[in-house]
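[1] here are the coordinates; sequence isn't available:
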């Protein structure tokens, strides 16, 4: 199986999330900086309305002529197969204030469930927002 067949698990705002690996350009260090004016760096926890923890890594998504870097606390080494994604129950569909919930993924062995974010869709949403709303709030 290739990279496109897996989910990347990461911590953000003290919670576990996942995203499809195929949607990422790269995984960079915590202090990744945009190389062009068309790129942005966003603290994902703050975007989701959560309290941000210490920056650990940056999930970089290609967008147009630039990139959007989503700063997260950490990335797990555990690989989760893409087939683990399940649709979001109607009751939970409105819990995020941004339109990026792609589904839910269940841990093997019934350990729990995590939200799967559609990072390319979230990057598109970030691009549509005013720069002051998605700047580097909370960055050192």
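    That came through fine. Since we're looking at a predicted model, the values are computed, not measured. Residues are numbered from 1 along each chain as shown.
[2] residues touching the spatially closest residue to residue 15 that is not a sequence neighbour, list them.
    Of all residues not flanking residue 15 in the chain, residue 50 sits nearest, at 6.8 Å (CB to CB, 6 or more residues apart in numbering). To be clear about C-beta, it is placed using only N, CA and C from the backbone, and glycine gets the same treatment. By CB atoms under 8 Å, 6 or more residues apart in numbering, residue 50 lies in contact with 12-15.
[3] how about the helices in the chain?
    44-47, 119-128 (DSSP state H).
[4] looking at those helices, which has the lowest confidence?
    For the helices of the chain, mean pLDDT drops lowest on helix 119-128, to a mean of 88.
[5] still on that earlier bit, out of the helices of the chain, indicate the one that is most buried.
    Across these, averaging neighbours per residue (mean count of other CB atoms under 10 Å) puts helix 44-47 on top, at a mean of 23.
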